[in-house]
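sharing a model prediction with you, sequence too.
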Amino acid sequence: MGHLRWLWLLSLVLLLQACSTFSVLPPQAVVERGLAVKMAQTQQALITHLAPKVPQLPNLKLRQVEVTLREDQEDDLFHVQGTYQAIIQLTSREKKESGPFDLYIAREKTEDTVSWFLVSDNKRELLVTNPS
């Protein structure tokens, strides 16, 4: 009876592993790129509104991006949440910023490529395309 129990447990583990491979979650590099794009969009909107004469966006460096949720929503759309730390280089000083993030990332697969998109307000912005 002990062998049958181990065989059943091994079968269950293999089945769970097989199911998890069907859903390809966004890799860490895609999440970080999506977060950087979203932060740049937010900064651009703020600068346009508050300081329209500023010629360029501040330099942004992401640090310690921790994902706490990667959830498959539907049709290759993923909900990703977590926290981040960033260093923003202003004209002559650096500002540290940290907080939570909440992203929706879509995957589009064709015969020979996989593309990842940041999705917000019914817009899709290409993050990266990799050959599969």
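That came through, no problem.

immediately after the lowest-mean-pLDDT helix or strand in the chain, which helix or strand?
In the chain, the helix or strand scored least confidently by mean pLDDT, DSSP states H and E is helix 2-22, which has a mean of 51. Later in the chain than helix 2-22, the nearest helix or strand by DSSP states H and E is helix 28-50.

packing partners of the helix or strand following that following helix?
Using DSSP H and E, the next helix or strand after helix 28-50 towards the C-terminus is strand 59-74. Here strand 59-74 touches helix 28-50, strand 77-89, going by 3 or more Cβ pairs under 8 Å, 6 or more residues apart in numbering; DSSP states H and E. The way it works is simple: take the backbone N, C-alpha and C, and place the C-beta from them, glycine included.

and those: which comes nearest Arg70?
Taking Cβ to Cβ, strand 77-89 is the member of the helices and strands packed on strand 59-74 nearest to Arg70, at 5.4 Å.

which outside residues touch that closest one?
25-26, 31, 34-35, 39, 58-73, 94-107, 119 (Cβ atoms under 8 Å, 6 or more residues apart in numbering).

can you mark which positions in the strand or helix carrying Thr129 are buried?
For Thr129, the element it lies in under DSSP H and E is strand 123-131. Of the residues in strand 123-131, Leu127 count as buried by neighbour count, 16 or more other Cβ atoms under 10 Å.

tell me who's in contact with the most centrally placed residue in the chain.
In the chain, the centroid-proximal residue (Cα atoms, centre = their mean) is Val31; its distance is 2.1 Å. With contacts defined as Cβ under 8 Å, 6+ apart, Val31 is in contact with Val65, Val67, Arg70, Val80, Gly82, Leu103, Ile105.

and the fifth one, how many residues sit next to it?
For Gly82, the tally of surrounding residues (other Cβ atoms under 10 Å) stands at 17.

and it, how far from Val67?
Distance of Gly82 to Val67, given as Cβ to Cβ, to the nearest Å: 4 Å.
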